[in-house]
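>>> Let's see this in three dimensions:
(chains A and B)
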Amino acid sequence: MSDVKQQQEVQDSKLAAGGEDYRYGFVTDIETDTIAKGLNEEIIHIISKKKNEPQWMLDWRLKAYRHWQKMTEPQWPNFEFGPIDYQALSYYSAPKQKKDNPKNLQEVDAELIKTFERLGIPITEQKRLTGVAVDAVFDSISVGTTHQAELAKVGVIFCSMSEAIAHHPELVQKYLGSVVPAADNFFAALNSAVFSDGSFCYIPKGVRCPLELSTYFRINAADTGQFERTLIVCEDDAYVSYLEGCTAPMRDTNQLHAAVVELVTLNNAEIKYSTVQNWYSGDKEGKGGIYNFVTKRGKCLGVNSKISWTQVEAGSAITWKYPSVIMQGDNSIGKFYSVALTNGRMAADTGTKMIHIGKNTKSTIVSKGISSDYSHNSYRGLVKVMPSATGARNFSQCDSMLVGNNCSANTFPYIEVKNNTAVVEHEASTSKINAEQMFYLRSRGLDLEESISLIINGFCKDVFKELPLEFSVEAIKLLEMKLEGSVG
Amino acid sequence: MLGPYMERIKMLEIKDLRAGIEGKEILKGLNLSVNAGEVHAIMGPNGSGKSTLSKIIAGHPQYQVTGGSIDYEVNFKKLSLVGMEPDDRAKEGVFLAFQYPVEIPGVPTSVFLRAAFNAVCRHQGAEEMDPIDFDKYLRSKMALFHMDDKYIDRPVNVDFSGGEKKRNEILQMAVLNPRLAILDETDSGLDIDSMKIVAEGVNKLKSKNNAIILITHYQRLLNYIQPDFVHILYDGKIIKTEGKELALQVEDKGYDWLIK
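Residues are numbered from 1 along each chain as shown, chains lettered A, B, ... in the order given. Predicted coordinates:
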């Protein structure tokens, strides 16, 4: 029996014995190439060198780092977190592979393939998912991307960010930082300085991407951070649906995840971006878990273009995340659909920013927050209508559901309107899953699980229907599992 | 009165039941025996424990049984209901029509009912029904209560009028086809036309294989559904049991003459 197997089994029995319901909490025992802890310009040089980056990329990182040094962590979110010692982290950790740069998936280390299979993400050509191309990111690097040849036939580029920097520098230079500038905020600046890997998608003019593209992020190593960077560009009349999933082992210490995602749509283009976030959220007492500080933003650069964010946020000790849309092109559309579930001692401060610049731009916000146990769940959103945005419209619906008496839900809507032709609507509600609802359903023969599932499904229906089918099934299961111990 | 007792199959036998909520005893040694094919009415002044009894039989988790027994027998299988999960009781054929039906936002009535129907089917080893067949089945039951098709897609009880909610309870009873149905003040808040429709529906569902317990304040409903027995519940006990004429006496004289 290999060490990995043993370790997995120990972990599995621990999970079963402890009644813990995080089935992704295992650790893959693999030799890693991890650089020394700490953050300084030399570290950035090392990261850049490991990735064989061109000089312009290194310069960009260093510039971001110098900005970051002058910045401070945001203090306004509605949660508290312990001080993060940025010098106590390692900023690059990659699994050592038998071959330095696997040319194709056949060369990827078997342990890595096994890890992703265990996570339900088969990446080998024989077992891969139909209709979905996957980029699998393990700690700091992408270990493989499926379906690349098939996508290349229609001109779609889907690869790791490292590959994109090497092979498509003109596109990366044009768009990287064009939506989230390097100095945008504390965590975005940190990411810009040290980002390791992530996905790059480019859909050329007139192409409707024939497959769903997806990236699966896995944090494995201890005392590291994951700083991925994703960039998706849709040229005129192009379309893509992109999915993102994430998990991490159960560890007693907090781990930092600070990602940046940038989306760009040109004329008549559309990007649908869906996330199911299930990072480890810590134990019942709030020990361990991922600190999830993420900057996601899309820019509708062209006219009639459309960006929609759909997220199911069910993990992380702390979530700080506001997927936003800048509607620059006339008649462009921004959408945000979110389900954020917090349990245990989790805290989420999440929402969106909808910035209307172009004429007749439209945005929709549907946010569903579910809090249980001792958790805190906040919606924070900004709707901003610039003077140029004649005829802009926004509709926001923010609903909160409380499960139990020790949790809290907050809504912080900000509205700034600088054009008097704009129409902005905001609706909000707070409700409770209560014993009477549960008794009603159970008295009709539905068991505890089915009853919770129905109630949650009903509450989140408007968001789930935006998710691709398999994702929505998975999301429902995930929420059910998380809530099982909290209702009853 | 109906035929002799011995021909009946005993379905529910409650003996010396003591139960309450949050440490407060509400049922104080209650006895009740119900046979298949019978309709029982339970009447009594406010606060006597009528609704508590219905919730205890259905298994409301917030109520505690502190003494006595509730035995239930269907298909030659005898079960003690005390301690059983509410959904397990439902799967064995126990049904409660709620006095205050609960709203489930975002869940279409048809989805809810099919989930419940299939849960019972699974338990009984019967085949589950697909959405198309279930839709037909559901519409056939709705016709019994002159219910509008719009119910099918509306979220369970959300924005239903009082009468619609009560009708929806009886629809659920028709769909799930229980063996023992308890109707907790289904008549309260109903106008006379709605009450006639509900009563007509209940009469159609009545058979020699099932039993119905009507909990009611008023004798009005009993003009439309003929009970075999009328029980007076007072201070947690059944203090009198007679035929349907007892309901008329109560209507006429109130409860005071029964309470000494």
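
>>> residue contacts, the residue in chain A that chain B sits nearest to?
Nearest residue of chain A to chain B, counting by Cβ to the nearest Cβ: A:Gly458, 2.9 Å away. C-betas here are computed from N, CA, C, even on glycine. By Cβ atoms under 8 Å, 6 or more residues apart in numbering or on different chains, the contact set of A:Gly458 is B:104-107, B:155.

>>> ok, 6 Å please
B:104-107 (Cβ atoms under 6 Å, 6 or more residues apart in numbering or on different chains).

>>> give the contact list for the closest residue to it other than its chain neighbours.
Spatially, and ignoring its direct neighbours in sequence, A:Gly458 is nearest to B:Gly106 (2.9 Å; Cβ to Cβ, 6 or more residues apart in numbering or on different chains). Contacts for B:Gly106 (Cβ under 6 Å, 6+ apart) come out as A:458-459, A:461, B:155.

>>> distance of the residue in chain B positioned nearest to chain A from B:Val158?
Closest to chain A within chain B is B:Gly106: 2.9 Å, counting by Cβ to the nearest Cβ. B:Gly106 sits at a distance of 8 Å from B:Val158 (criterion: Cβ to Cβ, to the nearest Å).

>>> Show me the common contact partners of these two, please.
Contacts common to B:Gly106 and B:Val158, judged by Cβ under 6 Å, 6+ apart, are absent.

>>> how deep is A:Lys63 tucked in, by neighbour count?
16 (other Cβ atoms under 10 Å in any protein chain shown).

>>> helix or strand for it, which one?
Assigned by DSSP states H and E, A:Lys63 falls within helix A:55-69.

>>> hey, C-alpha coordinates of that helix in CSV?
As requested, C-alpha coordinates have been extracted for helix A:55-69 and formatted as CSV (Å, rounded to 0.1, in the frame of the first residue of the first chain):
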residue,chain,number,x,y,z
GLN,A,55,10.9,40.6,-18.7
TRP,A,56,7.7,42.5,-19.2
MET,A,57,5.9,40.1,-17.0
LEU,A,58,8.5,40.4,-14.2
ASP,A,59,8.4,44.2,-14.5
TRP,A,60,4.6,44.1,-14.2
ARG,A,61,4.8,42.0,-11.0
LEU,A,62,7.4,44.1,-9.4
LYS,A,63,5.4,47.3,-10.1
ALA,A,64,2.4,45.6,-8.5
TYR,A,65,4.5,44.6,-5.5
ARG,A,66,5.8,48.1,-4.9
HIS,A,67,2.2,49.3,-4.9
TRP,A,68,1.1,46.6,-2.6
GLN,A,69,3.8,47.5,0.0
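
>>> picking that back up, can I get the contacts of B:Gly106 in a markdown table including secondary structure and distance to B:Ala247?
What follows is these, written out as a markdown table (DSSP: H, G, I helix; E, B strand; the rest coil; distance: Cβ to Cβ, whole Å):
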| residue | secondary structure | distance to B:Ala247 |
| --- | --- | --- |
| A:Gly458 | helix | 40 |
| A:Phe459 | helix | 43 |
| A:Lys461 | helix | 45 |
| B:Pro155 | strand | 37 |
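
>>> any idea which of those residues is closest to B:Lys91?
Among the contacts of B:Gly106, A:Gly458 lies closest to B:Lys91 (Cβ to Cβ), at 22.4 Å.

>>> Now do the closest one against B:Lys166, distance only.
Taking Cβ to Cβ as the measure, A:Gly458 falls 22 Å from B:Lys166.

>>> just checking, what packs against the host helix or strand of B:Ser51?
In this structure, B:Ser51 sits in helix B:50-58 according to DSSP H and E. Counting contacts by 3 or more Cβ pairs under 6 Å, 6 or more residues apart in numbering or on different chains; DSSP states H and E, helix B:50-58 packs against strand B:180-184.

>>> Helices of the stretch 51-200 of chain B, residue ranges please.
For the stretch 51-200 of chain B, the helices defined by DSSP state H, counting those that start in this stretch cover B:86-91, B:109-124, B:131-144, B:162-176, B:192-205.

>>> which one of these lies closest to A:Ala188?
Checking the helices of the stretch 51-200 of chain B against A:Ala188 by Cβ to Cβ gives helix B:109-124 as the closest, at 42.4 Å.

>>> For the closest one, buried residues please.
Using 16 or more other Cβ atoms under 10 Å in any protein chain shown as the burial criterion, the residues of helix B:109-124 that qualify are B:109-120, B:123.

>>> which residues sit against it?
A:444-446, B:91, B:128, B:134, B:138, B:151-152, B:154, B:156, B:175.

>>> Settle this for me: A:Ser48 is touching A:Leu58, isn't it.
Yes: counting by Cβ atoms under 6 Å, A:Ser48 does reach A:Leu58; the two are 4.3 Å apart.

>>> Counting neighbours, go ahead and name the busier of those two.
Per other Cβ under 10 Å, whichever of A:Ser48 and A:Leu58 has more neighbours is A:Ser48, with 20 against 17.

>>> for that one, phi and psi?
Main-chain torsions, A:Ser48, degrees, to the nearest 10: phi -60, psi -40.

>>> measure it to A:Pro468 for me?
For A:Ser48 relative to A:Pro468 (Cβ to Cβ), the value is 36 Å.

>>> Also A:Trp68?
A:Trp68 is 36 Å from A:Pro468, where distance means Cβ to Cβ.

>>> between these two, who's got more neighbours?
Between A:Trp68 and A:Pro468, A:Trp68 has the larger neighbour count (other Cβ under 10 Å), namely 22 against 17.

>>> which regions of chain B sit below the pLDDT cut-off?
For chain B, the stretches flagged by pLDDT under 70 are B:1-7, B:260.

>>> For it, which residues are neighbours of chain A?
B:58, B:60, B:86-87, B:90-91, B:96, B:102, B:104-107, B:115-116, B:119-120 (Cβ under 6 Å from any Cβ of the partner chain).

>>> The same query, at a cut-off of 7 Å, please.
By Cβ under 7 Å from any Cβ of the partner chain, the residues of chain B that approach chain A are B:58, B:60-62, B:86-87, B:90-91, B:96, B:98, B:102, B:104-107, B:112, B:115-116, B:119-120, B:155, B:172, B:176.

>>> Which PyMOL command selects the buried ones in those residues?
To isolate the buried members of these in PyMOL, using 16+ other Cβ under 10 Å:
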select buried, chain B and resi 58+60+86+87+90+91+96+98+102+104+105+106+107+112+115+116+119+120+155+172+176
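
>>> Count the neighbours of B:Lys196 for me.
14.

>>> hang on, it packs against B:Tyr224?
Yes: in this structure, B:Lys196 is within contact of B:Tyr224 by Cβ atoms under 7 Å, at 6.2 Å.

>>> which residues does A:Gly445 contact?
Shown in contact with A:Gly445 (Cβ atoms under 7 Å, 6 or more residues apart in numbering or on different chains): B:87, B:90-91, B:116, B:119-120.

>>> do the same with B:Glu127
By Cβ under 7 Å, 6+ apart, the neighbours of B:Glu127 are B:Cys121.

>>> Checking A:Tyr337 next. Helix, strand or coil?
strand (DSSP: H, G, I helix; E, B strand; the rest coil).

>>> Export the contacts of A:Gly445 as JSON lines, with columns for distance to A:Ser162.
Shown next, in JSON lines, are these (distance: Cβ to Cβ, whole Å):
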{"residue": "B:Asp87", "distance to A:Ser162": "53"}
{"residue": "B:Ala90", "distance to A:Ser162": "57"}
{"residue": "B:Lys91", "distance to A:Ser162": "56"}
{"residue": "B:Ala116", "distance to A:Ser162": "53"}
{"residue": "B:Ala119", "distance to A:Ser162": "51"}
{"residue": "B:Val120", "distance to A:Ser162": "56"}
